[in-house]
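Asks: structure of the sequence below:
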Amino acid sequence: PAPNRSPINDTLSLQAGLRYQDTEAEISDYVPITESVFGLLGVQPSPAVLSGGTIDYDALVFNLGAVVQLDNQQSLFAGFNQGFELPDVARLLRGAQPPGSVPVSTGVAQPASVDDSSLDAIRTDATEFGWRARSSRYEAQVALFYNRSDKTARFDGQLATMLDQDQRVYGVEGNLTYFTEGAFYWGAACSWQRGETRTPGEGWQAVSAWEVSPPKALLYLGWQGPVYSALLQVNRVGDYDDAFDDGSPNAVAIDGYTTLDATARLRLRLGEFGVGVYNLLDAQYVTAYAQQAGEIYGSFTEVPALGRRFGATYRIEY
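Replies: The predicted structure follows:
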């Protein structure tokens, strides 16, 4: 059920929730990818089949939050939330080697059956503290967060492994929007986070850009009228080399990039029409995801992002 917020007094309110979650995944018999490749090459006339199975995990999780109203415009908030999820089953079983498989050395132990796999649910405890303010002239918010999980999913080349070691992600994010006396407004938003896994004998080690996002910043200037509106927005994705500097497996130093977008909207008698120019300056760059994918899958996946592009939309709300 959704959490219920209860005012304690004019200053403090609390919310709490309790949730029982049951996660089940049914896996049919299938031929692992390595066996399929060997079959196409004629190395394995009769590819081995991995016997399917069912995995089931359940947990009782809860959340708790509080808001302290400092005045009519400002408040402090804090929250604790538990999450429970099953990782990407397909990725974790991609390199399975059932009985009769062609032996393949991957450097990572691969399961011979579903029951033999390292599939396990990941439980995460998330804590957040922050401040927010709102008035007729501005909206602002700053939040600190710390998430800790009891498992780590690691990608090693084409394969993935579930590691029985803690992982934590922490960081800060904030945003500000200021409204002028006219129709103009401007604002900014930013976020920074670091993710680490507790490696045996080495302490905390940064995780790759697939587990955490590089630092991001956003600046925008807009104009909002009764019929027309326009927005100019600068997007910045920063460098991320924490995992590379820590010597983490499959880590790559991510190069940042900057793009500029411009959009405009027109309210019609029925619906809304919009146009946009994205990557207005035709910046040449490779997304953080593609840079990381190039390290995992090979340079053929490290393709450049789209250049300048145009778009038009028409929307009706009903």
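Asks: how about the secondary structure of the residue lying farthest from the centre of the chain?
Replies: Distance from the centre of the chain peaks at residue 45, with 40.9 Å (CA atoms, centre = their mean). Classification of residue 45 by DSSP: H, G, I helix; E, B strand; the rest coil places it in coil.
Asks: over to residue 233?
Replies: Three-state call for residue 233 (three-state DSSP): strand.
Asks: give me the neighbour count for it.
Replies: Here the count is done by other CB atoms under 10 Å, and residue 233 has 18 residues near it. In this view, the C-beta of every residue, glycine as well, is placed from N, C-alpha and C.
Asks: tell me the contacts of it?
Replies: 218-221, 260-263 (CB atoms under 8 Å, 6 or more residues apart in numbering).
Asks: residue 68 and residue 79, how far apart?
Replies: In this view, residue 68 and residue 79 are 12 Å apart by CB to CB, to the nearest Å.
Asks: same drill for those two, tell me which one is more crowded.
Replies: Neighbour count, other CB under 10 Å: between residue 68 and residue 79, residue 79 has more, with 18 against 14.
Asks: tell me the contacts of that one?
Replies: By CB under 8 Å, 6+ apart, the neighbours of residue 79 are 63-66, 126-128.
Asks: mind listing the helices for the protein?
Replies: Applying DSSP state H to the chain gives helices spanning 33-41, 89-92, 242-246, 288-297.
Asks: the ones you listed: lowest mean pLDDT?
Replies: Looking at the helices of the chain, the lowest mean pLDDT belongs to helix 89-92 (a mean of 68).
Asks: redo the helices of the chain as JSON lines? Include mean neighbour count and distance to residue 15.
Replies: As requested, the helices of the chain are arranged in JSON lines below (neighbours: other CB atoms under 10 Å; distance: least, CB to CB, whole Å):
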{"stretch": "helix 33-41", "mean neighbour count": "16", "distance to residue 15": "46"}
{"stretch": "helix 89-92", "mean neighbour count": "16", "distance to residue 15": "33"}
{"stretch": "helix 242-246", "mean neighbour count": "18", "distance to residue 15": "34"}
{"stretch": "helix 288-297", "mean neighbour count": "18", "distance to residue 15": "35"}
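Asks: which residues does residue 133 bridge with?
Replies: Beta-bridge partners recorded for residue 133 (DSSP bridges): residue 74, residue 140.
Asks: and it, how many neighbours?
Replies: 15.
Asks: how far away is it from residue 75?
Replies: 8 Å.
Asks: related to what we said a few turns ago, out of the helices of the chain, nearest to residue 225?
Replies: Of all these, helix 288-297 sits nearest to residue 225, with 35.8 Å by CB to CB.
Asks: got a list of contacts for the closest one?
Replies: Applying CB under 8 Å, 6+ apart, the external contacts of helix 288-297 come out as 155, 157-158, 208-210, 213-214, 237, 240, 250-252, 254-255, 286, 301-303, 305.
Asks: one more time with 10 Å
Replies: 155-160, 208-211, 213-214, 216, 237-240, 243-244, 249-257, 285-287, 299-305 (CB atoms under 10 Å, 6 or more residues apart in numbering).
Asks: and the buried ones among those residues, selectable in PyMOL?
Replies: Selection command for PyMOL covering only the buried members of the contacts of helix 288-297, criterion 16 or more other CB atoms under 10 Å:
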select buried, resi 155+159+160+208+209+210+211+213+214+216+237+238+240+243+244+249+251+252+254+257+285+286+287+302
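Asks: the residue lying closest to residue 10 once chain neighbours are set aside: what's it in contact with?
Replies: Closest residue in space to residue 10, ignoring its immediate chain neighbours: residue 69 at 7.1 Å, by CB to CB, 6 or more residues apart in numbering. By CB under 10 Å, 6+ apart, the contact list for residue 69 reads 7, 9-13, 75-77.
Asks: report the contact partners of the closest residue to residue 205 other than its chain neighbours.
Replies: Nearest residue to residue 205 in three dimensions, chain neighbours excluded: residue 199, at 4.5 Å (CB to CB, 6+ apart). Residue 199 makes contact with 152, 163, 165, 205, 246, 248-249 under the criterion CB under 10 Å, 6+ apart.
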